[in-house]
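Trainee: dropping the sequence and predicted coords here.
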Amino acid sequence: MAKRIAIVEDDPDQRANYADAIIKKGYEVVAYGSRQEARDCMEDDLPDLVILDIILGDEVDAGFQLCRELLSKSPALPVIFLTERINEIDKISGLRLGAWDYLPKPISLEYLAERISSLLRISEVRAENPEQESSTARRIGRLGLDQEALLVSWRGHRIDLSGTEFRMLAKLVRAPGHAVSYATLMAATMQSLVTNNTINTHMRNIRKKFEKVDPTFACIKSEYGFGYRWTPQ
Amino acid sequence: MRLRKGFRGPRIGTKLMLLSLTLLVVPWFSYRQLLEMERLLVQGQSQAQLLTAEGISTLFNGREDLFNDLPVKIEDYESLFARPLQNNIRLDGSYEDWGDEGTERLLLFGSSAAEDGAFRLALGERAGQLHVFVEAVDRNLVYRDPDYLRLDNADQLRLSFIRSDGGDGRISLVFAEPGVVTAYGMDEDWRFATTGAPETGVQGFMAPSTSGWNLEFRLPLDMLGSRRYFAVSLADVDDAQTRQLTNLTQTLPKGGEQSFNLVVLRSPEVLNIIQGLGYSGARILVIDAQQRVRAEAGAHIAAISSTDEDFFSGLIHESFEAMRPVIHRISTLTPWVDEAGVTPVQSAADVISAALEGESLALRRALDEQLEIIMAAHPIVSKDAVIGAVVVEQNIDHILSFQRAALEQVILFSVVSLLAVLIALLAFAGRLAWRIRHLRREASTAIDHYGRLQAAKLRREINSGDEIGDLARSISNMLSKLHQHNHFLENMPRTLRHEINNPLNTLSTSLQNLAEESPGVQESKYLASAKSGVIRIGSIVQNLADAANLEESLKAEELEIVDIQKLLKSYMANCTAGHPDCEYVYRGVNRPVYAEASDFRIEQLLDKIIDNALDFHRPGTPITVQLDVRRDYLRIVVANRGPVLPDASGKSLFDSMVSHRGPHNRLHFGLGLYVVRVIAEHHGGHVRAMNLADNSGVAVMAELPLAAAKAVPPNQGEAAASSGETPVDQPNQYRAAS
């Protein structure tokens, strides 16, 4: 049975483009143009994954509101924000609500499809063995990394990373002790417009999440003028 | 010329002060007014006195009998008029204390004033004594020789009179030396004294003079008897050897019928008439045709004494007296002359003479420094002839003291009010200037060095009701409008990004779908260029929005202690690896340099500066990066060889959207160095760009404050503390071009 993807986007052209691209990948798509419509239709029939725009018509925070409502019903539902609001504060509040990823426009449809499939797979994995490391889990020193389930732990504590952050971290620890360039990290974000600053911001956020569970965390080092390096403690 | 350029006019305070000086017109006007008032008052009193004199004179009109009250016909006698004396007379042979100008107007006896033996005579009466002054002309003064018993062989004065007992009286006044004279009663031949003892009732004093000698003496009036027949003769002896009498000049009546003169005193009847008329402060004199005072009533009231003044008013009075000439001079532009002594004394006699000629006249004259009087004279007429005059004298001290007091008050009031007004104006001007100054300060701090709005409105003076309040409100209004506009401009990139990103996303996704749909299009170069166009627009919008958000996102970042030297070294190592075609040279310190910073922002700053240097450097020349440490700041200098800056752009280079790249340049908005400036300023530092000393290139320097010693972790503290002390030599090439 094909997975059902819900798209909430007020602009009909973009909505159609997303839908076309995703349908081509073999998914079932339901698309909504307003918060009201989306909420009414998803009331008792939840899709497998939801793509949300934040601004819907005149409601500037409609996406956030919708996300909150959906996750209160089904906390494990993968939600992706796809928006032109790329301020740090919006991104943080979106991820804090429990969204799995936060993608700025303009988006590459190829990347989007890839994300969707990976998130659906992760969702499946998580649903099969919740709170358990899967067979794909790796250990790098004190870091636990489960690529399949999108799960990260440090000294046994679980760390919640967004999809983008997870991919960047995975790239960073692929060869511990070696510097990873900005360009490599940019590719890992699977976004079309990325600057050094975007990488720096992501890295800082990742660091902060680690420091929250371990104040002495210092494995992510800046390699000024080049990129970052993971140095095992 | 330069001075005039620098001077824009006086401050508000000075202007108000200058304006307040116009208040000086008040004392000036008052002074003029008072002078005029004084004149009017004096004139009024003169009129009043003239009327009084006229009124009194009508009492005497046609009453010759009052003036001819003597028992004999006065024409038969050369009457010797004894005038009443005002002062005490010292017997010293001097006429000065008689209260008259000179002796020229005295009665002259003898054929001429130059002839030997002639003399002038003055008689006066005071306190029952008859005072006589004789000015004798005598070429050879012969003193009495005490060896001779005879008295007629020396210069002497002889008095003939009828004694009160009816007998003839003869007295000689003789003198053996200058000084006290001796009086002897004489025999009929004037040769010997009748008794050996001198007449003690008669005292006199002789003093030699240039033309002869003066003799002053007095005798009791009651010696003369009731009829007061009296004659004076001068016996002149010129030869000290022979001692013969040369001349005998006498005061005999004209007709020779009588051998005596009459001593005429003031007339009791006239006195009785005017006695009742004497009013306070006025002195009334009745004068006959021979200018003799026949009666006198009243007296001048002495000037108001100033002894009861207290110290303070005395001080005011004195300073006022000292100031008055100056005030007078300034007010009237004529030199100040004290009224006392302004009128010659003889003009008093002129007034009397004029009155005796039938004309009435009033005159202001000063008797002395304290006393000033108005003297009014009116003739007494009988049968078309003037038989005398009435003189009314009254002092005008009350007018003058009134004027003086008024003047003092005016001056005092003016000074006090002027001071009060000046202080009030000063306070007002100060307050005004203070308000304007604060308003100006607030208005000028509302916009910072880069022209950015710091405040959307003013807080000061907004509620003031006056024009400054209006100004403040209008500036505030302007600021808030500007703020709205600025807000709009600041939000522009964000709005733009938001508005552009949606259609851009449509475009981008459509292109992707199109490529998917028709596989033939995939290889089309048009699709590739359309895709790259989308990416470029996206990055433009992204860059703009990033620059606009930079300050905001910097605020959200936490600063930590960063070793700038290590960062720089690592950065440069990566640069060399990243751009192998360009050589990088590091100079400067080789030990930790700590600053409180956000490391990746510093990295971003370096990115932009190095990018800039790379863009402008001449291929084959190295890019030099130098780190200097000063007392409390560090300096990163990035220098490259290549085109120099146009002169003026040193500062504007760091403004947003300013680029000095040529028109052929690739995607560039001049945002790079703007980002550098914003980051440096966020860290409390600043940036500068300058040409190298030899004009071979450009150096961009960023100065950042060093971390405070206490902020540096203990294991790093030592290095940080020492970093400030070591002087770092600065190569010449980084000095400013000019």
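Mentor: In hand now; what should we look at? Numbering: from 1, shown residues only, chains lettered A, B, ... in the order given.
Trainee: skip the chain neighbours and tell me the closest residue to A:Tyr224.
Mentor: Excluding its sequence neighbours, the residue lying closest to A:Tyr224 (C-beta to C-beta, 6 or more residues apart in numbering or on different chains) is B:Tyr571, at 3.9 Å. Just so you know, the C-beta spots here come from the backbone N, C-alpha and C atoms, and that holds for glycine as well.
Trainee: surely that neighbour touches B:Leu605?
Mentor: No: using C-beta atoms under 8 Å as the test, B:Tyr571 is too far from B:Leu605 to be in contact (10.4 Å).
Trainee: between these two, which is the more surrounded one?
Mentor: Applying other C-beta atoms under 10 Å in any protein chain shown to B:Tyr571 and B:Leu605 shows that B:Leu605 carries more neighbours, namely 27 against 24.
Trainee: how close does the more buried one get to B:Val638?
Mentor: Distance, B:Leu605 to B:Val638, using C-beta to C-beta, to the nearest Å: 10 Å.
Trainee: kindly report the same for B:Gly465.
Mentor: The value you get for B:Gly465 to B:Val638, if C-beta to C-beta is used, is 57 Å.
Trainee: can you check B:Lys525 too?
Mentor: Where B:Val638 is concerned, B:Lys525 sits at a distance of 40 Å (C-beta to C-beta).
Trainee: burial measure for the residue lying closest to A:Asp20 once chain neighbours are set aside, as a count.
Mentor: Closest residue in space to A:Asp20, ignoring its immediate chain neighbours: B:Asn513 at 5.4 Å, by C-beta to C-beta, 6+ apart. Neighbour count for B:Asn513, taken as other C-beta under 10 Å: 17.
Trainee: does the nearest residue to B:Val237 once chain neighbours are set aside belong to a helix, a strand or coil?
Mentor: Nearest residue to B:Val237, sequence neighbours excluded (C-beta to C-beta, 6+ apart): B:Val142, at 4.5 Å. Of the three states, B:Val142 takes coil according to DSSP: H, G, I helix; E, B strand; the rest coil.
Trainee: cool, B:Ile274 as well?
Mentor: When classified by three-state DSSP, B:Ile274 comes out as helix.
Trainee: doesn't B:Asn695 fall inside a helix?
Mentor: No: going by three-state DSSP, the assignment for B:Asn695 is coil, not a helix.
Trainee: please pull up the helix or strand immediately following the longest helix seen in chain A.
Mentor: The single longest helix within chain A, with elements called by DSSP state H, is helix A:109-128. Where DSSP states H and E defines the elements, the next helix or strand beyond helix A:109-128 is strand A:137-140.
Trainee: tell me what that next one is packed against?
Mentor: When contacts are defined as 3 or more C-beta pairs under 8 Å, 6 or more residues apart in numbering or on different chains; DSSP states H and E, strand A:137-140 sits against strand A:143-146.
Trainee: direction included, what does the strand it packs on pair against?
Mentor: Based on DSSP bridges, the pairing partners of strand A:143-146 within the sheet are strand A:137-140 (antiparallel), strand A:151-154 (antiparallel).
Trainee: deepest-packed of those, please.
Mentor: Highest mean neighbour count of those: strand A:151-154, a mean of 21 (counted as mean count of other C-beta atoms under 10 Å in any protein chain shown).
Trainee: other residues contacting that strand?
Mentor: The contact list for strand A:151-154 (C-beta atoms under 8 Å, 6 or more residues apart in numbering or on different chains) reads A:126, A:133, A:137, A:142-146, A:158-161, A:166, A:169, A:210, A:213-214, A:217.
Trainee: quick check: next helix or strand after that strand?
Mentor: Next along from strand A:151-154, by DSSP H and E: strand A:157-159.
Trainee: so the helix or strand that comes right after that following strand, near chain B or not?
Mentor: The helix or strand immediately downstream of strand A:157-159 is helix A:163-172, counting by DSSP H and E. No: if you take C-beta under 8 Å from any C-beta of the partner chain as the test, helix A:163-172 misses chain B, and the best it gets is 14.5 Å.
Trainee: which residues does helix A:163-172 contact?
Mentor: So helix A:163-172 is contacted by A:80, A:100-103, A:115, A:118-119, A:145, A:147, A:150, A:152, A:161, A:180, A:184-185, A:188-191, A:199, A:202-203, A:205-206, A:209, A:220, A:228-230 (C-beta under 8 Å, 6+ apart).
Trainee: again with stretch B:486-496
Mentor: Stretch B:486-496 has contacts (C-beta under 8 Å, 6+ apart) with B:Arg452, B:Leu453, B:Val541, B:Leu544, B:Ala545, B:Ala547, B:Ala548, B:Asn549.
Trainee: and chain A, which of those reach it?
Mentor: Applying C-beta under 8 Å from any C-beta to the contacts of stretch B:486-496, those adjacent to chain A are B:Ala545, B:Asn549.
Trainee: could you dump the contacts of stretch B:486-496 to CSV with pLDDT, neighbour count and distance to B:Asp116?
Mentor: Converted to CSV, these look like this (pLDDT from 0 to 100; neighbours: other C-beta atoms under 10 Å in any protein chain shown; distance: C-beta to C-beta, whole Å):
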residue, pLDDT, neighbour count, distance to B:Asp116
B:Arg452, 73, 11, 118
B:Leu453, 78, 17, 117
B:Val541, 82, 22, 139
B:Leu544, 80, 20, 134
B:Ala545, 79, 21, 136
B:Ala547, 79, 19, 131
B:Ala548, 78, 19, 130
B:Asn549, 79, 17, 133
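Trainee: pull out the buried residues from the contacts of strand A:151-154.
Mentor: The neighbour count (16 or more other C-beta atoms under 10 Å in any protein chain shown) marks A:Arg126, A:Glu133, A:Leu143, A:Gly144, A:Leu145, A:Asp146, A:Ile159, A:Leu161, A:Phe166, A:Leu169, A:Phe210, A:Phe217 as buried among the contacts of strand A:151-154.
Trainee: which residues does the spatially closest residue to the fourth one that is not a sequence neighbour bridge with?
Mentor: The one in question is A:Gly144. The shortest distance from A:Gly144 to any non-neighbouring residue, by C-beta to C-beta, 6+ apart, is to A:Ser153 (3.8 Å). Counting by DSSP bridges, A:Ser153 is bridged to A:Gly144, A:Arg158.
Trainee: quick one on the thing from earlier: out of B:Gly465 and B:Val638, which sits in the busier spot?
Mentor: Ranked by neighbour count (other C-beta under 10 Å), B:Gly465 and B:Val638 place B:Val638 first, with 23 against 7.
Trainee: buried residues, the helix or strand containing A:Val29. List them.
Mentor: Using DSSP H and E, A:Val29 sits in strand A:28-32. Neighbour counts over strand A:28-32 (16+ other C-beta under 10 Å) mark A:Val29, A:Val30, A:Ala31, A:Tyr32 as buried.
Trainee: next, format these as CSV and append distance to B:His579 and pLDDT.
Mentor: Shown next, in CSV, are these (distance: C-beta to C-beta, whole Å; pLDDT from 0 to 100):
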residue, distance to B:His579, pLDDT
A:Val29, 47, 92
A:Val30, 51, 92
A:Ala31, 47, 92
A:Tyr32, 50, 92
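Trainee: counting neighbours, what do you get for residue 8?
Mentor: This is for chain A. By other C-beta under 10 Å, the residues close to A:Val8 number 28.
Trainee: not quite, go with chain B.
Mentor: 7.
Trainee: can you confirm it is in a helix?
Mentor: No: using three-state DSSP, the assignment for B:Arg8 is coil, not a helix.
Trainee: okay, and for chain A, where does confidence drop off?
Mentor: Low-confidence segments of chain A (pLDDT under 70): A:1, A:129-136, A:233.
Trainee: what's the spacing between the helix ranked longest in chain B and its chain's center?
Mentor: Counting by DSSP H, the longest helix found in chain B is helix B:467-517. Its chain's C-alpha centre and that of helix B:467-517 lie 65 Å apart, by C-alpha atoms, centre = their mean, to the nearest Å.
Trainee: that helix: what's the following helix or strand?
Mentor: The first helix or strand that comes after helix B:467-517 along the chain, using DSSP H and E, is helix B:525-555.
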